[in-house]
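Novice: What shape does this take:
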Amino acid sequence: MRKILMWRWTFFIGGMMFLSLGISMTIKGQRLGIGPWDVLHVGLYENFGLTIGTWGIITGFLIIVGTTIFTKEWPKIGTWLNMVLIGVFIDLFNWLLPDFATLTGQIIIFILGVIVISYGIGIYVSPNIGAGPRDSLMLLFAEKFNISIKKIRTIIEVVVALAGWLLGGPVGIGTVFIALFIGQIVHYALPQTRRLLLKVMGEVEEKVLF
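Specialist: Residues are numbered from 1 along each chain as shown. Predicted coordinates for the structure are as follows:
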């Protein structure tokens with residue numbers, strides 16, 4: 001059982017690092033636009049200072065507080081860790097990764113970033129330790145208003161991207177690309193990462209995870 005727990009937490013933390021790396025890669029290619037939530041965080045950063053990762057933590061905290069009030073349920077520890085660590089990792093990778101001056105370089109780093117984000121989501125979701133604040137918000141609205149998850153996610157991301165754009169965040173074809181293709185890549189990445197997790201844990205019943 002200790003081995004199972006160790007691997008679940010390894011995938012959870014590692015997945016968030018991978019996800020954050022992908023987000024930072026798309027930010028380095030932001031001439032094309034970036035993901036809706038990142039548009040908001042960059043817009044807040046450009047207007048009010050702090051760092052992009054810090055704004056990610058602040059918005060995540062506000063979302064957690066709001067969803068906790070509505071659901072009257074205390075979030076899992078994984079949700080809190082997601083809120084803090086992804087913001088910290090984004091700032092770290094934004095500092096470590098070089099800037100790309102050419103359009104070709106930005107296109108390449110952006111596309112690779114989208115792939116990395118998708119597999120990062122698959123890796124951190126696989127152990128089922130806790131959904132991120134934004135995923136929790138999406139699930140809350142879907143249940144409260146009886147709307148499909150796909151539809152409510154689109155509505156939320158359009159509203160968030162618009163707010164970020166009004167703050168000066170980089171919206172472009174890349175924003176649309178992320179909205180259209182990340183879900184498709186995650187569709188394949190998640191089963192692959194779940195199989196990998198089960199394999200490294202050894203022979204264990206799937207019901208332990210899912």
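Novice: Show me the longest helix that occurs in the protein.
Specialist: Secondary structure of the chain per DSSP state H: the longest helix is helix 173-201.
Novice: helices or strands up against the helix or strand of the chain with the lowest mean pLDDT?
Specialist: When the helices and strands of the chain are scored by mean pLDDT, DSSP states H and E, helix 133-145 comes last with a mean of 76. On a contact count with 3 or more C-beta pairs under 8 Å, 6 or more residues apart in numbering; DSSP states H and E, helix 133-145 meets helix 52-71, helix 77-96, helix 149-166. Where C-beta positions appear, they are placed from N, C-alpha and C, glycine not excepted.
Novice: for the first one, the distance to its chain's centre please.
Specialist: Relative to the mean C-alpha coordinate of its chain, helix 52-71 is positioned 13 Å out (C-alpha atoms, centre = their mean, to the nearest Å).
Novice: Measure how buried Q30 is and give me the count.
Specialist: 21 (other C-beta atoms under 10 Å).
Novice: Check the gap between it and E73 for me.
Specialist: 36 Å (C-beta to C-beta, to the nearest Å).
Novice: same deal with A131?
Specialist: 12 Å.
Novice: Looking at these two, which is more packed in?
Specialist: A side-by-side neighbour count of A131 and E73, using other C-beta under 10 Å, places A131 first with 18 against 9.
Novice: contacting residues around the more buried one?
Specialist: 76, 78-79, 82, 125, 139 (C-beta atoms under 8 Å, 6 or more residues apart in numbering).
Novice: Name the residues of the least confident helix or strand of the chain that come out as buried.
Specialist: Using 16 or more other C-beta atoms under 10 Å as the test for burial, helix 133-145 gives 133-142.
Novice: Let's have those residues in TSV, adding distance to Q106.
Specialist: Listed next are those as TSV, based on distance: C-beta to C-beta, whole Å:
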residue	distance to Q106
P133	29
R134	25
D135	28
S136	32
L137	30
M138	29
L139	34
L140	35
F141	33
A142	34
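Novice: Closest to L190 out of those residues?
Specialist: Lowest distance from L190 to those (C-beta to C-beta) belongs to D135, with 12.9 Å.
Novice: for stretch 7-27, what is the average pLDDT?
Specialist: Averaged over stretch 7-27, pLDDT sits at 90.
Novice: Just the C-alpha atoms of that stretch, please, in PDB.
Specialist: Taking C-alpha atoms only, stretch 7-27 is exported to PDB below (Å, rounded to 0.1, in the frame of the first residue of the first chain):
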ATOM      1  CA  TRP A   7       3.700   6.300  -6.900                       C
ATOM      2  CA  ARG A   8       0.400   8.200  -6.800                       C
ATOM      3  CA  TRP A   9       2.000  11.200  -5.200                       C
ATOM      4  CA  THR A  10       5.000  11.000  -7.600                       C
ATOM      5  CA  PHE A  11       2.700  11.100 -10.600                       C
ATOM      6  CA  PHE A  12       0.700  13.900  -9.000                       C
ATOM      7  CA  ILE A  13       3.600  16.200  -8.300                       C
ATOM      8  CA  GLY A  14       5.500  15.200 -11.400                       C
ATOM      9  CA  GLY A  15       2.400  15.800 -13.500                       C
ATOM     10  CA  MET A  16       1.900  19.300 -12.100                       C
ATOM     11  CA  MET A  17       5.600  20.100 -12.900                       C
ATOM     12  CA  PHE A  18       5.100  18.800 -16.400                       C
ATOM     13  CA  LEU A  19       1.900  20.800 -16.800                       C
ATOM     14  CA  SER A  20       3.600  24.000 -15.500                       C
ATOM     15  CA  LEU A  21       6.500  23.500 -17.900                       C
ATOM     16  CA  GLY A  22       4.000  23.300 -20.800                       C
ATOM     17  CA  ILE A  23       2.200  26.400 -19.700                       C
ATOM     18  CA  SER A  24       5.600  28.300 -19.500                       C
ATOM     19  CA  MET A  25       6.500  27.000 -23.000                       C
ATOM     20  CA  THR A  26       3.200  28.400 -24.400                       C
ATOM     21  CA  ILE A  27       3.900  31.700 -22.600                       C
END
